[in-house]
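Visitor: Need coordinates for the following:
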Amino acid sequence: MDGETEIGRCTALLTAQGSESPADPFARTSAADAPPESGTPPPGFAQRWSRYFQNVSVRLIEGALEKPGPAAAWMRLDVPVVEGEANTPLLQAVQAADFSSGVAQIVDIREWTFINPEISLYFFREPEGEWILIRSRTRVGAGGAGLTTATLSDRQGPFAEVMQAMSFERREAQAQAS
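Guide: You can find the predicted model right below:
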């Protein structure tokens, strides 16, 4: 809430867990992805351009933040969200889900701006550890509408899927010059 105005909403649905699960023959194994230690940080200009990178470690293992297209990046919050409290793997996963569209952007960020006004996050197991891998892609359609889809993984493999509604808008000419 901002005063009397609702500016955000979160809904969670917890389903009962069974005693066993079927095997997923299409799941990627943890060995299929390069570890965060082998990734590269975003380019310096991107780190300076967005304050997002001040408290988050990002290691790209596929694609590039400055080039449109699908990409994969490991992410980790470097400071506690709540002072004096450790960031849990669940918190790490939620922050990573929010950045899915930033990892797999499809526009030149100097010419376009975009927001994700709605995020749906579906867990099929609990995340483990502090590093979260985001493997995402973004599509855009008519009128600036788009969709980002992503798979979140930890070192053991995939644990969640993300869907983000996207809204794109061209930046003003004055902003493009800077």
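
Visitor: just the CA coordinates of the longest strand seen in the chain, formatted as PDB?
Guide: Scanning the chain for the strand with the most residues, using DSSP state E, yields strand 157-170. Provided in PDB are the C-alpha atoms of strand 157-170 (Å, rounded to 0.1, in the frame of the first residue of the first chain):
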ATOM      1  CA  GLY A 157      18.700 -28.900 -11.100                       C
ATOM      2  CA  PRO A 158      15.300 -27.200 -11.900                       C
ATOM      3  CA  PHE A 159      12.900 -26.400  -9.100                       C
ATOM      4  CA  ALA A 160      10.400 -23.800 -10.500                       C
ATOM      5  CA  GLU A 161       8.900 -22.100 -13.600                       C
ATOM      6  CA  VAL A 162       8.300 -18.400 -14.000                       C
ATOM      7  CA  MET A 163       5.900 -16.500 -16.300                       C
ATOM      8  CA  GLN A 164       6.000 -12.700 -16.500                       C
ATOM      9  CA  ALA A 165       3.600 -10.500 -18.400                       C
ATOM     10  CA  MET A 166       5.600  -7.800 -20.100                       C
ATOM     11  CA  SER A 167       4.900  -4.200 -21.200                       C
ATOM     12  CA  PHE A 168       7.400  -2.400 -23.600                       C
ATOM     13  CA  GLU A 169       7.600   1.300 -24.300                       C
ATOM     14  CA  ARG A 170      10.100   3.300 -26.400                       C
END
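
Visitor: Note down every partner strand of it and its orientation.
Guide: When sheet partners are counted by DSSP bridges, strand 157-170 sits next to strand 112-123 (antiparallel), strand 145-154 (antiparallel).

Visitor: Next secondary structure element downstream of the biggest helix by length in the chain?
Guide: Using DSSP state H, we find that the single longest helix of the chain is helix 89-98. Following helix 89-98 in sequence order, the next helix or strand is helix 100-103 (DSSP states H and E).

Visitor: Alpha carbons of that following helix, as PDB, please.
Guide: Below are the C-alpha coordinates for helix 100-103, written out as PDB (Å, rounded to 0.1, in the frame of the first residue of the first chain):
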ATOM      1  CA  SER A 100      13.900 -13.200 -15.600                       C
ATOM      2  CA  SER A 101      13.000 -10.600 -18.100                       C
ATOM      3  CA  GLY A 102      16.300  -8.700 -17.500                       C
ATOM      4  CA  VAL A 103      18.300 -11.800 -18.200                       C
END
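
Visitor: Show me what it is packed against.
Guide: Here helix 100-103 touches strand 67-77, strand 112-123, strand 132-140, strand 145-154, strand 157-170, going by 3 or more Cβ pairs under 8 Å, 6 or more residues apart in numbering; DSSP states H and E. For every residue, glycine as well, the C-beta is placed using N, CA and C.
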